[in-house]
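# My questions concern the predicted model and sequence given below.
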Amino acid sequence: MAANIRKMRNIGISAHIDSGKTTLTERILFFTKRIHAIHDVKGKDGVGATMDSMELEKERGITIASAATFCQWDGHNINIIDTPGHVDFTIEVERALRVLDGAILVLCAVGGIQSQSITVDRQMKRYKVPCIAFVNKCDRSGGDPYRVTRQLSEKLGHNAVMMQIPIGLEADFQGVVDLITMKAVYFEGENGEDVKVTEIPESMRAEAEQRREALIDAASEFSDELTDAVLEETPISEKMVLEAVRQGTLTRKLTPVFMGSAYKNKGVQPLLDAVNAFLPAPEEVPNEALDMNNADAPVPLESDPAKPLVALAFKLEDGRYGQLTYVRVYQGTLAKGETIVNAKNRNKVRVGRLVRMHADQMEEVDKIRAGGIGALFGIDCASGDTFTAEGLGVSMTSIFVPDPVVSLAIKPENEKSEVAMSKALGRFSREDPTFRTYVDEETKETIIQGMGELHLEVYVERMKREYNAVIETGSPQVAYRETITRQAAFNYTHKKQTGGAGQFGRVAGYIEPAPGEGFVFENNITGGDIPTQFIPSCENGFKKCLGKGPSMEFPVVDIRVVINDGAFHAVDSSEIAFESAARGGFLDAYPKAGPVIHEPIMKVTVESPTDFQGAVMKLLNQRRGMIVGTQEEGVNATIEAQVPLAEMFGFSNVLRSATQGQAQFSMEFLTYREVPVQIAEELKKRKGEQK
Amino acid sequence: MTSHAIPESLKPIAAITNTALPAGRIGAVVARAGVGKTPFLVQVALNGMFYGKNVLHINLSATVKKTVVWYKEMFSHMAVRHSLGGVTLDDLIARRFIMTLKTTGFSVAGLQERISDLQEQNIFSPDILVVDGLSFEESRRSDVSELKALGDSFGLKTWVSVPAHRDEPRDKRGMPARITEVADLFDLIWELLPEGKKILVTPLKQIESVDEDAMLFMDPASMQLDASKTAS
């Protein structure tokens, strides 16, 4: 294994569904000799592409879970994280992006920049991941890398610069012209493995010259040397251009664009060269940990294998051999036989088997150095945990995890399924922090929660396929919340005298809105009106009221409870008595505090031909959607709206039939907002009927 | 949506921007690049939204996202300067509709179709039309006169931004050359002129019955509009 950290790359392949990223990954693995035969995604030969290791993914032709895989190209070690493209699995994408140093943004030459690409691009921006673009499917009819490059600039705001131009297009697509070397590159042999470099066809020379000029012009902004060479008209070396483009890419100020057709085995090898040439080595990406002993102050990490270990568990998988934990080492070396500490609970664990993954095959290794990615065996931890050397006391920044917005009741059909289901749920919730599960105490139903309808559907499918659990599902429910809008006072005395010891406690104070703070309890009692030992009981009493709000039984959030007065009895006061008094006080004040219901609002982006723009807006409007804006670009329009999640169930079908299947949409959680009075009334009515 | 309490300090400013143009009339805001046409128009829009008016914001040179950012930015400055009594931008945005069109694809006829569509489907019915980013490199006489007719038929107050150049020659009324060709079509023309530590909103053409003493100016740092009774 090459030890040189400069020759290490951790990259992701991010893209819209169906733009061909799985095929591209497959071809990369073929050309880097990690696999020896080529399969197609939808498995005409029944084998399926190597990265989609889950059955379900093979069937749907999409990639759900990210698998890390290792390969080598031209002396560089490359770890590839195959990231899911659908927004409903956004947490997977975000987690993968966290551990990446760079990414290939795969774009479809026909479809261009689609709403999904916009979401993925935004995530890359958030984690400041440098990227190079690959315009795939240049062999398809309607494929136009020039248009896609333009869109990359206009729609996503990249400084997109073509590094190649296509030789022929659509069915006639033959190869590319490399604008740095100014050579034509063809891909010959049965699987395109023979790269043939020749002179540029005469008919393309003028265009190539012109595009090269544009490339050098864009690149010169990042290199004084290149600028000087341009101004002084001295020869421009390949190295100069490469260095300048690299600088631009690393700072995310330039996005080099490559092109080809993964399916037809064209353009993959130059893309691999570009990964080595332009994407950063681990040491070029600044990373920080938080010092847990010093109020979470940031501590810079160094990609030095000799320093104490800091590693992040970014993905768990239950495989045939037990739990597999994918880790990225940020500092130090993770070595077999050593003892490491889980920063969350300070548990010590011994590193047993250490492997490097190639999709679902593995390769044993002795150590993983700073910058590397690998997997640990049989270690009990959750996704997002940090492992460090003993006594280091730092933790990686926690990954942003949004609260789930949809829930679904599920019921196993028989006992066997029940066992299988609980096993599956345990695994899924460990692997995916946005997927949660609990048993509703009243209905005794098992509830699963997640980020969208599809998110939950996929897990239900997986329970059926991977665990043979036969499951019935209810209809998806929106995670409503209750909160209050104004201050209201309470003064409640709990008194009970029915033989034996009595119960007595009085609490007084007020409740008020506390936006964004969840639940806050404040004790302003002075002079011992309520003895200190009973204060926690008061807090508990209030807390217990929050799980099910008095008005609609939705969880109550963003509320501050302040107690400032009370009374006790030397004999009759007890913890129970104060808990009951608190409960009474809460129920007393709550109706006076202007309670309202909040619902999750989604940011919905629809892309549609302009002809259907009116129809799409109508659909959104019917769904209580508020249209933020419309963006027209030639024949396509993008409509951005904010729509309550409750109205979005089944939207994909409706949209498809209203637009002859030509529109697509993406959606992500935006915020919680008050439910309009009319809808709140309906909810109340429905709740009443359920009882 | 309920209408909001208007902060006292905002009232004199909104009084000018909301009444300068009667419904059905068209006004131009002229300034050099970077002086503040967009923040000016965004505040005109926000002031209207505060008073319950619906704003259709057409941007021909930037994306919806960028336009949204302008609103956020201007609103947050407003919230600092005037006490807005808990009103958030979220409370107002139902009154705003942003439409971005590629300049090359811009036609008033197309716009008219869109507005009719929005009204018929009961999605959005504008009171104020803001057109930002229209290039005046070529003649816009027919566009401006069509916009005027459109505003008239829908009863809209239409605001159009017009870019000027630093060394542009001026006619005897002081109008930059770029706008003289269309000046007769506009009912109102205001120019944003940096002067000292202020950007003065200078009327080049006014609708009668406007309070001559009331002056608007912008703070170049926050781009916030302010009003004063006397010129300074």
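Everything's here; your move.
# Quick check: the closest residue to chain B within the stretch 551-691 of chain A vs residue B:225, distance?
Nearest residue of the stretch 551-691 of chain A to chain B: residue A:629, at 3.2 Å (Cβ to the nearest Cβ). Every C-beta, even on glycine, is put in place using the N, C-alpha and C of the backbone. Distance check for residue A:629 against residue B:225: by Cβ to Cβ, to the nearest Å, it reads 23 Å.
# What of residue A:592?
41 Å.
# Could you check which of the two has the larger neighbour count?
Using other Cβ atoms under 10 Å in any protein chain shown as the criterion, residue A:592 and residue B:225 rank with residue B:225 on top: 27 against 15.
# I figured the more buried one hits residue B:199, correct?
No. Assessed by Cβ atoms under 8 Å, residue B:225 is found out of contact with residue B:199, at 9.4 Å.
# shared neighbours of those two, anything?
Counting by Cβ atoms under 8 Å, 6 or more residues apart in numbering or on different chains, the shared contacts of residue B:225 and residue B:199 are B:217-218.
# and residue A:537, that one's in a strand?
No. Going by DSSP: H, G, I helix; E, B strand; the rest coil, the assignment for residue A:537 is helix, not a strand.
# Chain B: strands as residue ranges?
Secondary structure of chain B by DSSP state E: the strands cover B:26-32, B:55-59, B:96-101, B:128-132, B:157-164, B:188-195, B:198-205, B:215-218, B:225-228.
# re earlier: show me the contacts for the residue of the stretch 551-691 of chain A closest to chain B.
Residues in contact with residue A:629 (Cβ under 8 Å, 6+ apart) are A:639-640, B:57, B:64, B:67-68, B:97-100.
# Go ahead and list the helix or strand containing it.
Taking DSSP states H and E as the criterion, the element that holds residue A:629 is strand A:626-633.
# quick one: that strand to strand B:96-101, angle?
Using axes from the mean of the first three to the mean of the last three Cα atoms, to 10 degrees, the direction of strand A:626-633 lies 10 degrees away from that of strand B:96-101.
# In CSV, list the contacts of residue A:629 along with distance to residue A:310, pLDDT and neighbour count.
What follows is these, written out as CSV (distance: Cβ to Cβ, whole Å; pLDDT from 0 to 100; neighbours: other Cβ atoms under 10 Å in any protein chain shown):
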residue, distance to residue A:310, pLDDT, neighbour count
A:639, 44, 92, 25
A:640, 40, 92, 21
B:57, 48, 95, 25
B:64, 41, 86, 20
B:67, 42, 91, 26
B:68, 38, 91, 19
B:97, 49, 93, 24
B:98, 45, 93, 27
B:99, 49, 90, 23
B:100, 45, 87, 25
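# What is the nearest of the residues you listed to residue A:479?
The nearest member of these to residue A:479, counting by Cβ to Cβ, is residue A:640 at 23.2 Å.
# Scan chain B for its longest helix.
For chain B, the helix that runs over the most residues, judged by DSSP state H, is helix B:64-81.
# gap between that helix and the chain center?
14 Å (Cα atoms, centre = their mean, to the nearest Å).
# For stretch A:442-457, buried residues please.
Neighbour-count burial for stretch A:442-457 flags A:446-456 (criterion: 16 or more other Cβ atoms under 10 Å in any protein chain shown).
# ends of it, how far apart?
24 Å (Cα to Cα, to the nearest Å).
# Residue 183: neighbour count?
I went with chain A, as the question did not name one. Around residue A:183 there are 15 other residues, counting by other Cβ under 10 Å.
# Hmm, no, I was thinking of chain B.
Look at residue B:183: counted by other Cβ under 10 Å, it has 19 neighbours.
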